[in-house]
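1. mind looking at a prediction? Sequence and model below.
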Amino acid sequence: MAALSGKLTKKLIDNLGAGRHGDGNGLYLVVDPSGARRWVVRVVVKGQKNRKGAPLRTDFGLGGADIVALNQARDRALEYRRMAKQGLNPRFNARQEIPTFEEVAQQVHIDRLPTWKNAKHGQQWINTLRDYAFPKIGRMPVDSVDQPEVLMCLSPIWTEKHETAKRLAQRIKTVLDVAKSKGFRSGENPVTAIKDAKVLPKVTTKVKHHKAMHWQDVPAFYADLRTRNAMSAKALMFTCLTGSRTGEVLGMQWGEIDFDARFWTCPAERMKTGEDHRVPLTDEMLAIIEPLKTMQSDYVFEGQKRHKPLSNMSMLMLLRRMKVEGVTVHGFRSTFRDWASEVASAPREVAEMSLSHKMGSDVERAYARSDLLEKRRVLMARWSDFVTGGQGNVVRMVE
């Protein structure tokens with residue numbers, strides 16, 4: 001007996017908005033706010049009661065709509081209803097089809113879309129699997145992926161592209177963990193087994209630091225920047241003074257700035273830590289940004305397009321035009337950190353928090369609720385004074 005036709009069509013499945021959409025006969029398409037689409041069938045198991053004594057009515061997931069076609073969903077829904085009418089609970093009696101590794105991975109990616117820090121990170125996650133795992137194990141049933149198959153993906157790039165290989169291993173592990181949680185696998189995760197057995201050779205990688213300017217050279221460099229009217233120069237001056245990351249500065253909007261309290265709050269979505277970060281604003285920082293209000297742009301540092309920020313390459317290209325070789329924009333964070341330690345003798349927690357670095361364990365951070373704003377304000381004022389040619393280089397921080 002074939003599955004009955006229903007209300008849904010391929011076009012509707014692709015275009016329906018968030019919610020629960022019935023096909024008929026207990027089959028529903030559930031569209032999550034993230035856009036993920038999955039099938040659910042509701043059945044009443046004959047002769048079985050729930051805790052309140054009412055007929056046992058249960059929803060069963062049939063898989064993602066990107067993996068399970070409409071006709072397949074109707075067939076499975078029909079199978080579940082038949083079992084329920086016979087008094088058999090589908091949870092324990094349904095024949096379960098094992099999806100491929102790629103099918104599970106694609107579903108994990110969709111399910112986690114709302115949790116990615118930004119779209120770029122989400123795309124990078126699936127691209128790593130697409131490039132290095134899918135060609136080798138993508139079409140394999142996910143319960144067949146074991147240590148030899150994982151090694152087949154990792155070994156070719158383990159030494160040559162070690163950072164990529166480590167990310168790939170973590171992502172394969174995640175997919176297999178999810179598959180196990182859904183009942184498609186059993187036993188130990190092969191990625192964990194490979195790591196514990198130290199099957200792959202140890203790779204020693206040298207940390208690559210961003211090239212930084214010596215703090216002694218910053219005042220002369222800053223004086224040169226001050227003579228330039230380009231928006232990239234304004235942004236670089238502000239970046240140098242605040243010790244902030246490029247994306248944090250270029251994404252800055254006027255609503256993030258409290259001019260009365262003299263601080264800028266960079267929102268969590270632009271922070272590497274995933275938490276709001278307050279930056280105290282000095283006289284020099286305010287002197288840079290206040291004149292830019294007249295542009296009436298959405299962004300403080302507007303790029304070539306109206307109400308759009310500067311390109312993230314704009315400040316680096318400015319450094320190249322200035323013939324400043326061997327220095328990166330991110331490197332000014334290291335420059336500030338060196339100065340704070342060697343010259344200002346700033347307490348470590350104040351200097352690290354000025355750079356929005358996390359300090360201590362999760363427990364320690366839970367108790368240390370203060371962001372040391374006023375102590376950081378003193379440090380940043382002295383840094384501004386030094387950078388602009390003042391005497392901040394001879395004043396030491398007080399514990």
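-> That came through, no problem.
2. what is the least confident helix or strand in the protein?
-> Within the chain, confidence by mean pLDDT, DSSP states H and E is lowest for helix 362-367 among all helices and strands, at a mean of 51.
3. following element in sequence after it, please.
-> Using DSSP states H and E, the helix or strand that follows helix 362-367 towards the C-terminus is helix 373-387.
4. quick check: buried residues in that following helix?
-> Using 16 or more other Cβ atoms under 10 Å as the test for burial, helix 373-387 gives 375-387. C-beta coordinates here come from the backbone N, C-alpha and C atoms, glycine included.
5. distance between the lengthiest strand in the chain and the chain's centre?
-> In the chain, with assignment by DSSP state E, the single longest strand is strand 37-49. Relative to the chain's own centre, strand 37-49 is displaced by 36 Å; criterion: Cα atoms, centre = their mean, to the nearest Å.
6. cool, stretch 159-174 as well?
-> 17 Å.
7. average pLDDT across that stretch?
-> Taken as a whole, stretch 159-174 has a mean pLDDT of 94.
8. ok so, going back, quick one, whichever helix or strand comes after the longest strand of the chain and strand 37-49 angle?
-> Sequence order places strand 55-64 as the next helix or strand after strand 37-49, per DSSP H and E. Going by axes from the mean of the first three to the mean of the last three Cα atoms, to 10 degrees, strand 55-64 is angled at 160 degrees with respect to strand 37-49.
9. hmm, who's touching strand 55-64?
-> 27, 36-45, 48-50, 68, 73, 76-77, 80, 89-91, 94, 99, 103, 106-107, 110 (Cβ atoms under 8 Å, 6 or more residues apart in numbering).
10. give the buried residues for that strand.
-> Buried, per 16+ other Cβ under 10 Å, within strand 55-64: 56, 58, 60, 62, 63, 64.
11. need the outlier residue of this protein, farthest from its centre.
-> residue 47 (48.0 Å; Cα atoms, centre = their mean).
12. and that one, how close does it get to residue 243?
-> Note on residue 47: its distance to residue 243, by Cβ to Cβ, to the nearest Å, is 69 Å.
13. do the same with residue 271
-> From residue 271 to residue 243 the distance is 13 Å (Cβ to Cβ).
14. who has more neighbours out of the two?
-> Taking neighbours as other Cβ atoms under 10 Å, residue 271 and residue 243 compare with residue 243 leading, 23 against 17.
15. any idea which of the buried residues of helix 373-387 is closest to residue 346?
-> Using Cβ to Cβ, residue 379 is the member of these that sits closest to residue 346, with 5.2 Å.
16. I'd assumed residue 349 was in contact with the closest one.
-> No - Residue 379 is beyond contact range of residue 349, at 11.1 Å (criterion: Cβ atoms under 8 Å).
17. mind giving me the domain ranges of this protein?
-> Split into domains by automatic domain parsing, the chain comes to 10-93, 101-197, 215-394.
18. let's have the ones you listed in TSV, adding distance to residue 203.
-> Output for the domains of the chain, formatted as TSV (distance: least, Cβ to Cβ, whole Å):
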stretch	distance to residue 203
domain 10-93	36
domain 101-197	5
domain 215-394	25
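19. nearest to residue 204, out of these?
-> domain 101-197 (9.3 Å).
20. from the chain's centre, how far out does that closest one sit?
-> 17 Å.
21. on that earlier part again, neighbouring contacts of the longest strand of the chain?
-> Contacts for strand 37-49 (Cβ under 8 Å, 6+ apart): 13, 20, 26-32, 55-66, 68, 73, 76-77, 80-81, 83-90.
22. list the buried residues of it.
-> So for strand 37-49, counting by 16+ other Cβ under 10 Å, buried means 37, 38, 39, 40, 41, 42, 43, 45.
23. and the least confident of those residues?
-> residue 45 (81).
24. quick one: that residue from residue 22, how far?
-> 20 Å.
25. likewise for residue 53?
-> Separation of residue 53 from residue 22 (Cβ to Cβ) stands at 27 Å.
26. compare the two and say which is more crowded by neighbours.
-> residue 22 (13 against 6).
27. got the angle for the host helix or strand of the more buried one vs strand 37-49?
-> Element membership for residue 22, per DSSP H and E: strand 19-24. Calculated by the same axes, to 10 degrees, strand 19-24 forms an angle of 70 degrees with strand 37-49.
28. next SSE downstream of strand 19-24?
-> Next element after strand 19-24 (DSSP H and E): strand 27-31.
29. which residues are in contact with that next one?
-> By Cβ under 8 Å, 6+ apart, strand 27-31 touches 6, 8, 13, 16-23, 37-42, 62, 65, 73-74, 77.
30. and with 6 Å instead?
-> 16, 18, 19, 20, 21, 22, 37, 38, 40, 41, 77 (Cβ atoms under 6 Å, 6 or more residues apart in numbering).
31. over to stretch 235-246?
-> Counting by Cβ under 6 Å, 6+ apart, 225, 249, 279, 285, 288, 301, 310, 312, 315, 318, 329, 332-333, 336, 354-355, 384 sit against stretch 235-246.
32. in strands, which of these appear?
-> Short answer: the contacts of stretch 235-246 in strands (DSSP E) are residue 279.
33. of the contacts of stretch 235-246, buried ones?
-> For the contacts of stretch 235-246, buried by 16+ other Cβ under 10 Å: 225, 249, 279, 285, 288, 301, 310, 315, 318, 329, 332-333, 336, 354-355, 384.
34. which of those fall within helices?
-> Among these, the members found in helices (DSSP state H) are 225, 249, 285, 288, 315, 318, 332, 333, 336, 354, 384.
35. dump these into JSON lines; add distance to residue 148 and pLDDT as well.
-> Formatted as JSON lines, these follow (distance: Cβ to Cβ, whole Å; pLDDT from 0 to 100):
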{"residue": "225", "distance to residue 148": "57", "pLDDT": "94"}
{"residue": "249", "distance to residue 148": "48", "pLDDT": "95"}
{"residue": "285", "distance to residue 148": "57", "pLDDT": "96"}
{"residue": "288", "distance to residue 148": "58", "pLDDT": "96"}
{"residue": "315", "distance to residue 148": "48", "pLDDT": "94"}
{"residue": "318", "distance to residue 148": "51", "pLDDT": "94"}
{"residue": "332", "distance to residue 148": "48", "pLDDT": "93"}
{"residue": "333", "distance to residue 148": "44", "pLDDT": "93"}
{"residue": "336", "distance to residue 148": "49", "pLDDT": "95"}
{"residue": "354", "distance to residue 148": "49", "pLDDT": "94"}
{"residue": "384", "distance to residue 148": "59", "pLDDT": "95"}
